[in-house]
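[1] okay, predicted coordinates and the sequence, questions at the end:
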Amino acid sequence: MISFEYIADNIDKWLNNTFSPWLALTIEFVIVGVLCIGLFAVLGLVLIMMERKVSAYMQVRLGPNRVGPKGMFQTVADTLKLLVKEGLTPAGSDKFLFNLAPFVVMIAAMLVLAPIAFAKNFQIWDINIGVLYVSAVSSIGVIGILMAGWASNNKYSLLGAMRSGAQIVSYELSAGLSILVVVIFTGDLSISQIIESQQTGWWIFRGHIPMLIAFIIFIIAVTAETNRAPFDLAEAESELTAGFHTEYSGMKFALFFLAEYVNIFIVCAIGATLFLGGWMPLHIGNWEAFNSIMDWIPSSLWFVGKTFFLIFVIMWFRWTFPRLRIDQLLNLEWKYLLPISMFNLLLATLIAIQGWYF
Amino acid sequence: MLEEIAVNDTGDLIINVGPQHPSTHGVLHLIITLNGETIKNIDPNLGYIHRSIEKMCESLSYRQFIYVTSRMDYLSSHINNHACALTVEKGLQIEVPERAQYIRVIMDELTRLASHQLWWGAAAMDVGALTPFFHAFREREMINEIMEETCGARLTMNYNVPGGVMADIHPDFQRKTKAFLAFFKDKLPEYDELVTGNIIFQNRMKDIGIISKEDAISYGCSGPTARASGVSCDIRKTHPYSIYDKVQFDEVLETTGDSFGRYLVRMQEMRQSIHIIEQLIDNIPEGDFQAKTKAVLKLPKGEFYTRVETARGELGVYIVSEGGLTPYRIKFRSPGFSNLSALNHMAKGQKIGDMVAIMATLDLVIPDIDR
Amino acid sequence: MMEREALQAQITAINANVTFEEGGEMLNAFVDPKECRDLLQTLHNMDDLAFDYMFCLTCVDWKTHLTMVYHLESTKHRHVVVIKSKLDRENPEIDTMSDIWRTAELLEREVYELFGVRFINHPDLRKLLLSDEWEGWPLRKDYEDPINMIKL
């Protein structure tokens, strides 16, 4: 059966047979890099299209329907427009930081792609501290946002960036603590091991109450971390016009936009991996017949399906909820989510030690 | 005043909200002094859309000046026209036919509904929920279609003339209006489900921008803004005009005086408006839709003042006549202007996000403030 | 609700110099600008008058003089009165009412820039609608602006 694992292995074999190991590795690097950038572009196009269609559905309207069949090429047209637009740099801004910021945000998003398992045994880098790596690297993005806000020399941008900084740093805690719950159950930080451990059922089903609580907190925290409504205070358009990217235009703005959507994809992929078994098909304990039927569905489809389901949920939030106020946002984290996730961590430890899970 | 000041003497941040800003819904310019995220002072700078309608009216005849007033509070343009027509009729002592009065009041209430629907969507959008805006527009579109059929216009109706209305109602008017009411009554609970009951929305609105009853009167607030503070100020009740003394409806009063109170008042007012239209729509009497008037209208020497209740509050039309073809002086007392003057009082000490929530429930229309 | 005659009698009792205008749908009272503030303060504070709601404040240019017009209503008793005060056109000055009715603060600023009436003791008498460097008083009858004004 042709799977991503099969294709990747064959290319690897062919390269190693044809070239010297060193050259083969270099070529593989290049291929992975190109694929990453390609994935970025495709994700941007698909997710923006999806957001538009989802919001249109919720808002009783049609959404884009002119460019290409059912408006599928609208985002392509928009990207082209952004590409040819002038990238203005305000006169009073710190030019170096101003131009650097979108790339910092972008690179942070790109780095997190490395340990994500897209299909069975199909992963760029199976690092043994995968989960730690993800939560560490994804925090770099906030530096880019602060940089953008500061360098713009605009009061709205600065306010937006400060809000964003406070928000991301706070919600990182809850997200980290809820990831730890999974780590406690699995006993491993590596992404591939975490997925393997869900062989007999996804953690969301096996892990009882603490896992459910962790999953809900994780979803709330990552929505906040990606600056999505109802936590989109950093770019609250009715208060701060566009927040930290007020002064950005053209491709630099597009990079921020793209990074936001790729970040959504990444956090949803992590959520799917940790709680919903990543590429692991729906297995129920020892029901061999049922499990083997489920195995017929390719692992990559499982992964994409779960990820896009979570993305849909996050989009659903955005188009239904009003925005919180900055003090309410921080209260929610420090007074509710953080104590709950700490208690939840204790509970999870107890359950893991006693082996009270399925 | 407009020079670029980043920080004032005490180290507070000064930001210019507007004239182009998403939450001001027009060209309002607020100079806000901020301490962190907390508002210390709001200084409105108006006039970006000032067309000097009062001066223009001094050179327009009594038939013409009515149409300019559609451009003040464009969301309740029909009510503005109604106020002007009433003033001229008062001066000339024209008896308006019963049929015209019924049509006018039905149109007034439809306008009020359309205005409140738009407000509801925009208020939700201001606090970050974008979807309600489109739901509100779905219903508003039906009203606009009814208006279009009968008046020939969707926004600036210009349907009132001194002595009645310009044309008779469209044959489909009653049927379509009833269809709309039936549809909208179904959708109103949906509005409540989507926004009113939302915990985040309530947190954003409750205890925000509180104004006491005394302050509301002193600041000259009117309309839903004042009624949320418990001020009984509905002109339709206190100084009834047209046939408002013949219809049954309640004046909606809240006592909280906060943004959520203002929100609830408007939501209830929509129900009251439906109630008013339902009483009238089947009983429009036969007869003329316009009284016979002279071709050239000349108001006698004197002063005429009319007060009506628009969707935003009390609109006053003050005409000083010297007996000529044109008014000697016209003053429009606009509800938005006085409501805006209370903004600083309401928003002081609150967060910048609250300022947006307060402005959303004040329901400011900038051309109405600037005139 | 107080009848017109009773209202007239009350106001005369406060200030004997007040003259009244016949006709009109509301009671019109003329008062000297120097006594205007005292009268309005009393109207606002007296319990059986309690004019606590100023729903309109404006000015009319009569070419020979300016007239300040205050429309007052009582939210308790629902009676309405119009107080007018004739001002000198060359040097129009009147005390501010902005501390009695807060709404007057912005309305007086509007009247100041459109008619040039100076309000004594106004906390913040700046231009509100027009730009700071605007010359002249646009709503006066003799105002001419060759660029922005269109004659109909």
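    Received, thanks.
[2] which residues does B:F332 bridge with?
    Assessed by DSSP bridges, B:F332 has beta-bridge partners B:V317.
[3] do C:K84 as well
    What pairs with C:K84, by the bridge criterion (DSSP bridges), is C:F30, C:V69.
[4] contacting residues for it?
    By CB atoms under 8 Å, 6 or more residues apart in numbering or on different chains, C:K84 lies in contact with C:E21, C:N28, C:A29, C:F30, C:V31, C:T67, C:M68, C:V69, C:Y70. For glycine as for every other residue, the C-beta is placed from the backbone atoms N, C-alpha and C.
[5] try 10 Å this time
    For C:K84, the contact set (CB atoms under 10 Å, 6 or more residues apart in numbering or on different chains) comprises B:303, C:18-19, C:21, C:28-31, C:36, C:60, C:67-70.
[6] got a ChimeraX select line for the buried ones in the residues you listed?
    To isolate the buried ones among those in ChimeraX, judged by 16 or more other CB atoms under 10 Å in any protein chain shown, type:
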select /B:303 /C:18,28,29,30,31,36,60,67,68,69,70
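[7] between the contacts of C:K84, which is nearest chain A?
    Using CB to the nearest CB, C:Y70 is the member of those that sits closest to chain A, with 37.5 Å.
[8] please name the nearest non-neighbouring residue to that closest one.
    C:I83 (4.5 Å; CB to CB, 6 or more residues apart in numbering or on different chains).
[9] what about A:P210, neighbour count?
    When neighbours are counted by other CB atoms under 10 Å in any protein chain shown, A:P210 registers 25.
[10] doesn't A:L350 make contact with it?
    Yes. Counting by CB atoms under 10 Å, A:P210 does reach A:L350; the two are 8.7 Å apart.
[11] what is in contact with these two at once?
    In contact with both A:P210 and A:L350: A:I184, using CB under 10 Å, 6+ apart.
[12] in chain B, what residue is nearest chain A?
    B:G128 (2.6 Å).
[13] coming back round to it: so what's the residue nearest to C:Y70 up against?
    With CB under 10 Å, 6+ apart, C:I83 has these contacts: C:11, C:18, C:27-31, C:36, C:39-40, C:43, C:51, C:54, C:68-72, C:97.
[14] about what we covered before: got the contact list for the residue of chain B closest to chain A?
    B:G128 touches A:229-233, A:236-239, A:318, A:321-325, B:200-201, B:204, B:353, B:356-357, counting by CB under 10 Å, 6+ apart.
[15] ChimeraX command for the buried members of those residues?
    Applying 16+ other CB under 10 Å to the contacts of B:G128 leaves a buried subset, and the ChimeraX line that selects it is:
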select /A:229,230,231,232,233,236,237,238,239,318,321,322,323,324,325 /B:200,201,204,353,356,357
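[16] in helices, which of the contacts of B:G128 fall?
    Judged by DSSP state H, the subset of the contacts of B:G128 located in helices is A:E237, A:S238, A:E239, A:R318, B:I200, B:F201, B:R204, B:G353, B:V356, B:A357.
[17] would you list the residues you listed in a markdown table and tack on pLDDT?
    As requested, the ones in helices among the contacts of B:G128 are arranged in a markdown table below (pLDDT from 0 to 100):
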| residue | pLDDT |
| --- | --- |
| A:E237 | 70 |
| A:S238 | 70 |
| A:E239 | 74 |
| A:R318 | 86 |
| B:I200 | 87 |
| B:F201 | 88 |
| B:R204 | 86 |
| B:G353 | 82 |
| B:V356 | 86 |
| B:A357 | 86 |
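[18] need phi/psi at B:E269.
    The phi and psi values for B:E269, taken as degrees, to the nearest 10, are phi -60, psi -30.
[19] now do the contacts for the closest residue to it other than its chain neighbours.
    Closest residue to B:E269 apart from its sequence neighbours, by CB to CB, 6+ apart: B:V252 at 5.5 Å. Contact analysis of B:V252 by CB under 10 Å, 6+ apart lists B:224, B:227-228, B:234, B:264-272.
[20] next one: B:V252 from B:M72, what distance?
    Look at B:V252 and B:M72: by CB to CB, to the nearest Å, they are 24 Å apart.
[21] repeat for B:F289
    Remark: distance between B:F289 and B:M72 (CB to CB) = 25 Å.
[22] so, low pLDDT: which residues of chain C?
    C:1-2, C:150-152 (pLDDT under 70).
[23] let's go with 90 and repeat that
    C:1-68, C:70-152 (pLDDT under 90).
[24] the residue in it that chain A sits nearest to: what secondary structure?
    In chain C, the residue that lies nearest chain A is C:D132 (22.5 Å; CB to the nearest CB). At C:D132 the chain is in coil, as set by DSSP: H, G, I helix; E, B strand; the rest coil.
[25] would you map the strands across chain C?
    C:19-21, C:27-30, C:53-61, C:65-73, C:80-88, C:93-95, C:118-120 (DSSP state E).
[26] now do the first one: everything it contacts.
    The one in question is strand C:19-21. By CB under 10 Å, 6+ apart, the surrounding residues in contact with strand C:19-21 are B:302-303, C:4, C:7-8, C:11-12, C:27-32, C:82, C:84.
[27] pretty sure A:S249 contacts A:K81?
    No. Using CB under 10 Å as the test, A:S249 is too far from A:K81 to be in contact (11.3 Å).
[28] so for those two, which sits in the more crowded spot?
    A:S249 (16 against 11).
[29] distance of that one from A:A151?
    In this view, A:S249 and A:A151 are 14 Å apart by CB to CB.
[30] for A:L111, same thing?
    A:L111 is 22 Å from A:A151, by CB to CB.
[31] kindly report the same for A:N121.
    43 Å.
[32] who has more neighbours, those two?
    Higher neighbour count among A:N121 and A:A151: A:A151, with 25 against 15, using other CB under 10 Å.
[33] confidence score at that one?
    Note on A:A151: pLDDT of 86.
[34] who's in contact with it?
    A:89-90, A:92-101, A:157-158, A:161, A:244, A:247.
[35] filter the residues you listed by proximity to chain B?
    A:G92, A:L158 (CB under 10 Å from any CB of the partner chain).
[36] PyMOL command for the buried members of the contacts of A:A151?
    Command for PyMOL that selects the buried part of those, burial taken from 16+ other CB under 10 Å:
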select buried, chain A and resi 89+90+93+94+97+98+99+101+157+158+161+244+247
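[37] just the contacts of A:A151: which are in helices?
    Reading helices off those with DSSP H, I get A:K95, A:F96, A:L97, A:F98, A:N99, A:L100, A:A101, A:S157, A:L158, A:A161.
[38] of all those residues, which comes closest to chain B?
    Distances from chain B to the ones in helices among the contacts of A:A151, taken by CB to the nearest CB, are shortest for A:L158, at 8.6 Å.
[39] name the nearest residue to that closest one, sequence neighbours excluded.
    Distances taken as CB to CB, 6+ apart put A:G149 closest to A:L158, at 5.1 Å, once the chain neighbours are dropped.
[40] thought A:L159 was touching that neighbour, still the case?
    Yes. Using CB under 10 Å, A:G149 is in contact with A:L159, at 7.9 Å.
[41] shared neighbours, those two?
    A:A234, A:G243, A:F244, A:T246.
[42] and these as a markdown table, adding pLDDT?
    Listed next are the shared contacts of A:G149 and A:L159 as a markdown table, based on pLDDT from 0 to 100:
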| residue | pLDDT |
| --- | --- |
| A:A234 | 73 |
| A:G243 | 77 |
| A:F244 | 81 |
| A:T246 | 82 |
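[43] which among the residues you listed end up buried?
    Going by neighbour count (16+ other CB under 10 Å), those have A:A234, A:G243, A:F244, A:T246 buried.
[44] ok, the second one - contacts?
    In other words, A:G243. By CB under 10 Å, 6+ apart, the contact list for A:G243 reads A:145, A:148-149, A:154, A:156-161, A:163-164, A:227, A:232-237.
[45] so where do the helices sit in the stretch 51-200 of chain A?
    In the stretch 51-200 of chain A, the segments counted as helices under DSSP state H, counting those that start in this stretch are A:74-84, A:95-112, A:130-137, A:141-151, A:155-186, A:191-196.
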